[in-house]
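Colleague: Here's a sequence, model it:
(2 chains)
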Protein chains: 2
Amino acid sequence: MTASYEAMWERLGLDLEAHASLLEVLGKFYGDIYLSQQGRLRGMEYLDFVLSEIHGLRIRELEEAKAQGRKVIGTFCVFVPEEIVWAADAIQVGLCAGAEAGTEAAEKILPRNTCALIKSFVGFKLARLCPFTESCDMVVGETTCDGKKKAYEIFSDYAPVYVMEIPQMKRDSDRALWKAEVLRFKRAVEDLTGREVTAERLREAIRLINRRRRVLQRLNRLRAARPVPISGRDVLLINQVSFYDDPDRFTQKVDELCDELEEKVRRGEGVADGAARVLLSGCPMAVPNWKLPYIIESSGAVVVGEESCIGTRNTRDLVDEGGTTLDEMLDAVVDRYMKIDCACFTPNTERLEHIVDLARGLDVKGVIHYGLSFCQPYAMESFKVERALRDAGIPMLSIETDYSMEDVEQLKTRVEAFVEMIR
Amino acid sequence: MTASYEAMWERLGLDLEAHASLLEVLGKFYGDIYLSQQGRLRGMEYLDFVLSEIHGLRIRELEEAKAQGRKVIGTFCVFVPEEIVWAADAIQVGLCAGAEAGTEAAEKILPRNTCALIKSFVGFKLARLCPFTESCDMVVGETTCDGKKKAYEIFSDYAPVYVMEIPQMKRDSDRALWKAEVLRFKRAVEDLTGREVTAERLREAIRLINRRRRVLQRLNRLRAARPVPISGRDVLLINQVSFYDDPDRFTQKVDELCDELEEKVRRGEGVADGAARVLLSGCPMAVPNWKLPYIIESSGAVVVGEESCIGTRNTRDLVDEGGTTLDEMLDAVVDRYMKIDCACFTPNTERLEHIVDLARGLDVKGVIHYGLSFCQPYAMESFKVERALRDAGIPMLSIETDYSMEDVEQLKTRVEAFVEMIR
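Modeller: Okay, here's the model as predicted:
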């Protein structure tokens, strides 16, 4: 796709040469991990297409929307209430944060022992490699962890950053703080777009995003069948793409894919005969962070659930659609996001319950907990997760890694040993 | 002191043998770093005495108070509103967190890449080495950083933990959250002690703690003289002891020491002829974390200010004493603590301004920024601090270390090079 988009990338200020190298590496990586799979659903062709065009066609769509006066808002976190963004006629997109890029530049303004995701988003910006970041009229940060909270202070020298405060407990005063934050965000987005968030538009946006959540819930139900009808990394990809693609089109395409999947389940066709069913839990995996899922699925296991922000944490809870006034709908949005069981909360016992419920519901043989190196909230919570799972008789393997490929063999050895033990 | 206190330590459940070893090591360390100094103030004898009796006489006082029905509340953070504790007739103390103790045990329930302070307080508990922790009826944690926030969840399996939520910004909704937290804390302390926080008792407590702050402010003014009349590590020790000692007695003794210091300043006597004046800034240094100050003051520099929680962050702001009703006084407490310029806030520009003002006011040649390894908030903020100081023409050295002695020579080389450069 390079040739036809170069002028656009140049307009966005990308480093064309480095960007071309990045796309080449990613293309090869994608081929090895995704296209090499046997018996994939026809519906995955859409995902392959979107991913191959993720820096091309999708960015062109953003460019066209911007030419019509619409605004683009980028985020790294499932706390940003997307309904508000769409209701103000803006477009919400995820930002590049899943690959090593510009790490050297990032480490000049961030401590080396910062998690890979944070170094990645800062590095992508400094190295001018992410067309999403460059398309943004606003980048919404949040205070979910010390690393991001403080990195946004530094990042705001380079991008138009707006920061939302996320409460750390779930009492009345926290809900009040969060509601004030949602209202402040609404005003900021209205100021940016010049469009008022009306009851009618918010209702539409709530339904739009709920539909996307429902189709991903449907996907999650279908994938859990025996035999497992779709690889875990394909489902992860679908979840990842949900952060970038147009929500309406995405929902329709994934719904079609689910129809096909349903047929496949009816026919009793699986993708991983005899593989051990495992649940992946922990830190988010942004595109193209497929290292661990690929290792797991090359080691005699198949991932049947992702308990993460790029997984069930983002799709489990719907916004209540019963509200009729703007206030009622805003309250419904506030309440829905307060249900997120992020490790930023203390205590976060809901997450422990969710993981045990998921593991049981999916009938997995074990859980693999994934922590990004230097991510303190998930690293510390993993001790509680392990204990909750142990009490439930479910084995857990704790993996801590970053985006480098140096530890692949070591991880493979550990994962294989775990799979051998649980199968 | 060992013999006379053994029965008490045994009652508290300490590991007597390991505790005796710890005291021996600390005594030697203290001798090398403190008692070796020439020309110290007579008033420091009181501090030497308190420190030598910190696990002895002070714990006996706590024991006696408990026998009379008073409660002991332990903390690790300057956000805990001490006025509430004293107004409810409880005793607030700091907890052991400044030495490597029980690290191996701590690393079984915490990630290895957790900051030394957190591993220390958990380790002290697991290894049964801190008589303060063992004396506590309540340990008050807070959400100032991911590491502590999540560690308290684990620590609560071992101690009676109560957690306060600290806001992350300083807007109206944050103040409302913090006020709710202070009121919740007041109720919890009242429940624990069975004593109501009345207007009269709160007024007394506000004055008590303000007096302690004022005497430390006086100390800070006097130490800044030319020539420098007291070593930085002696002032650090005084600040450290303020967290353990009886506030009334401490204030009186430090006031006497200040009288002596004032005389010394009048006579123009200094302790560090020709040494470069430096400001120490960053993470707190709990007893007996004297490594870096000692290195600095053995390298041709003298510390004339501590911009940290065990320093100006804890003493700069007084609670307004103008309130007459309980509500007014509680509001004054709330407002005072909202002024704390902890790196947990985003943005935290006040701290940058305070550091530059302090550095200028103290007329230092440079600033040494101290970060505990894996303390993300201070590590990330150090980039902003360095820039603010650079803009003000003040050199800064950034040091990241833990409690081990392995890097002493390396740190000494770096500090000496910095001092050589700035003097």
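Colleague: residue contacts, residue A:125?
Modeller: Contacts of residue A:125 were listed using Cβ atoms under 8 Å, 6 or more residues apart in numbering or on different chains, and they are A:102, A:133, A:155, A:158, A:159. Yep, even glycine has a C-beta here, placed from its N, CA and C like the rest.
Colleague: Tell me the secondary structure at the residue positioned nearest the centre of chain A.
Modeller: Nearest to the mean C-alpha position of chain A, by Cα atoms, centre = their mean, lies residue A:310 at 3.1 Å. Following DSSP: H, G, I helix; E, B strand; the rest coil, the label given to residue A:310 is coil.
Colleague: go on, residue A:305?
Modeller: strand.
Colleague: pretty sure it is touching residue A:279, no?
Modeller: Yes. Using Cβ atoms under 8 Å, residue A:305 is in contact with residue A:279, at 4.5 Å.
Colleague: which residues are common contacts for these two?
Modeller: Contact criterion Cβ under 8 Å, 6+ apart; residues shared by residue A:305 and residue A:279: A:358, A:359, A:362, A:364.
Colleague: For the lowest-mean-pLDDT helix or strand in chain A, report the contacting residues that lie outside it.
Modeller: Taking mean pLDDT, DSSP states H and E as the measure, helix A:2-11 is the helix or strand of chain A with the lowest mean score, a mean of 88. By Cβ under 8 Å, 6+ apart, the list of residues contacting helix A:2-11 from outside reads A:16, A:19, A:20, A:23, A:55, A:56, A:59, A:60, A:63, A:131.
Colleague: For stretch A:243-251, buried residues please.
Modeller: A:243, A:244, A:245, A:247, A:250, A:251 (16 or more other Cβ atoms under 10 Å in any protein chain shown).
Colleague: Report all helices and strands that the strand or helix carrying residue A:263 contacts.
Modeller: Using DSSP states H and E, residue A:263 sits within helix A:247-267. Using 3 or more Cβ pairs under 8 Å, 6 or more residues apart in numbering or on different chains; DSSP states H and E as the contact test, the elements touching helix A:247-267 are helix A:44-52, helix A:199-223, helix A:232-241.
Colleague: let's see it at 10 Å
Modeller: helix A:44-52, helix A:82-87, helix A:199-223, helix A:232-241 (3 or more Cβ pairs under 10 Å, 6 or more residues apart in numbering or on different chains; DSSP states H and E).
Colleague: Please compute how far that helix lies from its chain's middle.
Modeller: Relative to the chain's own centre, helix A:247-267 is displaced by 20 Å; criterion: Cα atoms, centre = their mean, to the nearest Å.
Colleague: May I have that helix exported as PDB, CA atoms only?
Modeller: Provided in PDB are the C-alpha atoms of helix A:247-267 (Å, rounded to 0.1, in the frame of the first residue of the first chain):
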ATOM      1  CA  PRO A 247     -17.700   1.000  14.800                       C
ATOM      2  CA  ASP A 248     -20.700   0.500  12.600                       C
ATOM      3  CA  ARG A 249     -18.800  -1.300   9.800                       C
ATOM      4  CA  PHE A 250     -16.800  -3.300  12.300                       C
ATOM      5  CA  THR A 251     -19.900  -4.500  14.100                       C
ATOM      6  CA  GLN A 252     -21.500  -5.600  10.800                       C
ATOM      7  CA  LYS A 253     -18.400  -7.500   9.600                       C
ATOM      8  CA  VAL A 254     -17.900  -9.200  13.000                       C
ATOM      9  CA  ASP A 255     -21.500 -10.200  13.100                       C
ATOM     10  CA  GLU A 256     -21.100 -11.900   9.700                       C
ATOM     11  CA  LEU A 257     -18.000 -13.600  10.900                       C
ATOM     12  CA  CYS A 258     -20.000 -14.800  14.000                       C
ATOM     13  CA  ASP A 259     -22.600 -16.300  11.600                       C
ATOM     14  CA  GLU A 260     -19.900 -18.200   9.900                       C
ATOM     15  CA  LEU A 261     -18.500 -19.200  13.300                       C
ATOM     16  CA  GLU A 262     -21.900 -20.400  14.400                       C
ATOM     17  CA  GLU A 263     -22.000 -22.700  11.400                       C
ATOM     18  CA  LYS A 264     -18.600 -24.000  12.200                       C
ATOM     19  CA  VAL A 265     -19.600 -24.700  15.800                       C
ATOM     20  CA  ARG A 266     -22.700 -26.500  14.500                       C
ATOM     21  CA  ARG A 267     -20.500 -28.600  12.300                       C
END
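Colleague: quick one: contacts for the residue nearest to residue A:325 when sequence neighbours are not counted?
Modeller: Distance criterion Cβ to Cβ, 6 or more residues apart in numbering or on different chains; nearest residue to residue A:325, sequence neighbours excluded, is residue A:199 at 6.1 Å. Taking Cβ atoms under 10 Å, 6 or more residues apart in numbering or on different chains as the criterion, residue A:199 is in contact with A:87, A:323, A:324, A:325, A:326, A:327, A:328, A:329, A:330.
Colleague: which of these count as buried?
Modeller: A:87, A:323, A:326, A:329, A:330.
Colleague: hmm, which two among those residues are most spread apart?
Modeller: Largest separation among the buried ones among the contacts of residue A:199 by Cβ to Cβ: A:87 and A:323, giving 12.7 Å.
Colleague: Out of the contacts of helix A:2-11, which sit inside helices?
Modeller: A:16, A:19, A:20, A:23, A:59, A:60, A:63, A:131 (DSSP state H).
Colleague: Quickly compare the helices and strands packed on helix A:247-267 and say which is most buried.
Modeller: Using mean count of other Cβ atoms under 10 Å in any protein chain shown, the stretch among the helices and strands packed on helix A:247-267 with the largest mean neighbour count is helix A:82-87, at a mean of 27.
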